[in-house]
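J.: I would like to see how this sequence folds:
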Amino acid sequence: MQDTFHGVIAFALLAGMLVIGGVLRNRVPLFRNMLVPSSILGGLLGFALLSLGWIPGFAPADFTALTFHFFTLSFMSLCLTGRGRQPALGSGGIVRGGIWLTLIWTISLGLQGMIGYLVIRGYDALTGAGVSAWLGALVTHGFTQGPGQALTYGGLWEDSYGIEHAAQVGLIFASLGFLVAFAVGVPLARRFIAQGLNANQASRLDDNFRAGFFAERERPEMGRMVSHPASLDSLAYHLGLLAVAYVITHCWLLFMQGLIADAQPWGINLGVLFSHNLFFLHGLGVCVLMRLVIDKAGLASYVDDESLKRITGSSVDFMVVGTLMSIQFAVLYALLTPILLVTLAVTLATLIGCLGLGRLSGQLGHERALTAFGCCCGSTGTGLLLLRMMDADFSTTVPKELAFFNLAIIVTNFHILFVFAPMVPALGGWGYLGVFGGTALAFLAMVPLMLRRRPATAGAGKSREEVAS
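T.: Model (predicted):
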């Protein structure tokens, strides 16, 4: 039985680092005042221990798969969550808000790729280092898409085009993206909350927020029991619902993979679209359909939305810890200077873009700006974690907008994600800049159209200065 414990202990290490991170946040004044999430502290600690070899028998690669699956679970559980009994703050604009998030992300995808590629070209010209510019191009997949896609495309470029260390550099960019998202996003969220700019006033900078734990008499209810514990524990029941969705998604992908085989109409590899690397996307669709069936059948009383929200939040925490623990120190050290230059340039451009476009989106603009920055620097899960600071109980429409956004970006970026991204090194420099830069410019041109269609009530009750902000 000993051989079966490796994966279980890897998960236990993730959970343990998360607990230690929570204690550090609670006990160390610096971390408490900076509002550093426990998942970041735990992930950095795990990364340090692995890099020093102080966790015998484990390597960064042991945590990559866990990271991927927790990211998937976080959004499947979110889509299985209903609307709740109370209307969401800012309700009525889920599609429109989702379109704004989609525009921001799509523009960032193209812009970040261009910046990463050009920064490495400039670095090589000045130093003669000979670093592949395609490693810089990977930043957009690490930042906007996260570790799963960064590993996927990096691995393809490494195996098919000989781009050395591409998979690991993609993972490093994904990990640095998480750090940047919180290093910049947490102070930004703190500023918004301190100024009262968040719609959900349940999120405020009180002692519980800073400490990271609730005082005994102020602890809110986590959820309601649906199943009787004498028959089935309610948490196990809700995890079971997600398990059903997971199995259905897996069977669907296997069926489609067998159906399409090696079909490549118009040169498009459909196998990529139905690969397990995109499990989360298909899982979202399955969960949306499951929830629709549950509601239409009058079975909503058998699902507790608060329990599903807690599963979502827990999955995000585990995902962040796992991503940071997946970094290989040796590759990071060897390419430290060009990686940092790309990261700084992309972070600055992304911050300016997300703040500007997010605030143009109208009501809930500050929430969208912060969420978009998290999505464009880490992954959608990171955006969700930052949003949780301004919308602690997910009472606004932005979490639902994120679900719409996850489906919409596949449509708006289909040509990049499934046609050009797998073969980027074959495009050549000008071809790459044309595809990625052209996409960013095309969607930037849609912003004025969105502003003309902005609801007249978006700024009702606010001063002109507040609406402009």
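J.: all helices of the stretch 301-450 of the chain, in order?
T.: 305-324, 329-334, 336-360, 365-377, 380-390, 398-412, 414, 424-444, 447-452 (DSSP state H, counting those that start in this stretch).
J.: Out of those, which one sits most buried?
T.: Among these, judged by mean count of other Cβ atoms under 10 Å, the one packed with the most neighbours on average is helix 365-377 (a mean of 30). C-beta here means a position set from N, CA and C on the backbone, and glycine is covered the same way.
J.: what angle do that helix and helix 336-360 make?
T.: Relative orientation of helix 365-377 and helix 336-360, computed by axes from the mean of the first three to the mean of the last three Cα atoms, to 10 degrees: 150 degrees.
J.: I'd like the helices of the stretch 301-450 of the chain laid out as JSON lines, including distance to Cys251.
T.: Converted to JSON lines, the helices of the stretch 301-450 of the chain look like this (distance: least, Cβ to Cβ, whole Å):
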{"stretch": "helix 305-324", "distance to Cys251": "22"}
{"stretch": "helix 329-334", "distance to Cys251": "37"}
{"stretch": "helix 336-360", "distance to Cys251": "38"}
{"stretch": "helix 365-377", "distance to Cys251": "29"}
{"stretch": "helix 380-390", "distance to Cys251": "24"}
{"stretch": "helix 398-412", "distance to Cys251": "21"}
{"stretch": "helix 414", "distance to Cys251": "24"}
{"stretch": "helix 424-444", "distance to Cys251": "32"}
{"stretch": "helix 447-452", "distance to Cys251": "39"}
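J.: hey, least reliable of those helices by pLDDT?
T.: If the helices of the stretch 301-450 of the chain are sorted by mean pLDDT, helix 329-334 sits at the bottom with a mean of 75.
J.: Contacts made by that helix with the rest, please.
T.: Residues outside helix 329-334 that contact it (Cβ atoms under 8 Å, 6 or more residues apart in numbering): Phe47, Ser51, His165, Gln168, Val169, Ile172, Ile339.
J.: what's the answer for stretch 431-450, then?
T.: Residues outside stretch 431-450 that contact it (Cβ under 8 Å, 6+ apart) are 99-100, 103, 106-111, 113-114, 117, 137, 140, 357, 360-361, 412-413, 415-416, 420, 424, 427.
J.: for this protein, which spans come out with low pLDDT?
T.: Applying pLDDT under 70 to the chain picks out residues 83-92, 148, 201-206, 261, 266-270, 272, 393, 454-469.
J.: can you do 50?
T.: Across the chain, residues meeting the criterion (pLDDT under 50) sit at 85-88, 91-92, 457-469.
J.: Relative to its centre, which residue of it is most distant?
T.: Here the centre of the chain is the reference, and by Cα atoms, centre = their mean the most remote residue is Ala230, at 37.6 Å.
J.: How far off centre is stretch 361-372?
T.: Stretch 361-372 sits 16 Å away from the centroid of its parent chain (Cα atoms, centre = their mean, to the nearest Å).
J.: again, but for stretch 178-194
T.: With Cα atoms, centre = their mean as the basis, stretch 178-194 stands 15 Å off its chain's centre.
J.: just checking, Thr382 touches Cys376?
T.: No: Thr382 is beyond contact range of Cys376, at 9.2 Å (criterion: Cβ atoms under 8 Å).
J.: Only C-alpha atoms, please: export stretch 342-359 in PDB.
T.: C-alpha atoms of stretch 342-359 as PDB (Å, rounded to 0.1, in the frame of the first residue of the first chain):
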ATOM      1  CA  VAL A 342       9.400  40.500 -19.600                       C
ATOM      2  CA  THR A 343       7.400  40.200 -16.400                       C
ATOM      3  CA  LEU A 344       7.900  43.800 -15.500                       C
ATOM      4  CA  ALA A 345       6.900  45.100 -19.000                       C
ATOM      5  CA  VAL A 346       3.900  42.900 -19.300                       C
ATOM      6  CA  THR A 347       2.700  43.700 -15.700                       C
ATOM      7  CA  LEU A 348       2.800  47.500 -16.300                       C
ATOM      8  CA  ALA A 349       0.900  47.200 -19.600                       C
ATOM      9  CA  THR A 350      -1.700  44.900 -18.200                       C
ATOM     10  CA  LEU A 351      -2.300  47.000 -15.100                       C
ATOM     11  CA  ILE A 352      -2.900  50.100 -17.200                       C
ATOM     12  CA  GLY A 353      -5.200  48.300 -19.600                       C
ATOM     13  CA  CYS A 354      -7.300  46.600 -16.900                       C
ATOM     14  CA  LEU A 355      -7.800  49.700 -14.800                       C
ATOM     15  CA  GLY A 356      -8.700  51.800 -17.800                       C
ATOM     16  CA  LEU A 357     -11.000  49.400 -19.500                       C
ATOM     17  CA  GLY A 358     -12.500  48.000 -16.300                       C
ATOM     18  CA  ARG A 359     -13.600  51.400 -15.100                       C
END
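J.: For the residue farthest from the centre of the chain, give its distance to Ala236.
T.: From Ala230 over to Ala236 the distance is 13 Å, taken as Cβ to Cβ, to the nearest Å.
J.: hey, where'd the helices end up in the stretch 101-250 of the chain?
T.: 133-137, 139-144, 147-161, 166-194, 207-211, 234-260.
J.: Would you mind listing the buried residues in the third one?
T.: Read it as helix 147-161. For helix 147-161, a neighbour-count test (16 or more other Cβ atoms under 10 Å) marks Pro147, Gly148, Gln149, Ala150, Leu151, Thr152, Tyr153, Gly154, Gly155, Leu156, Trp157, Glu158 as buried.
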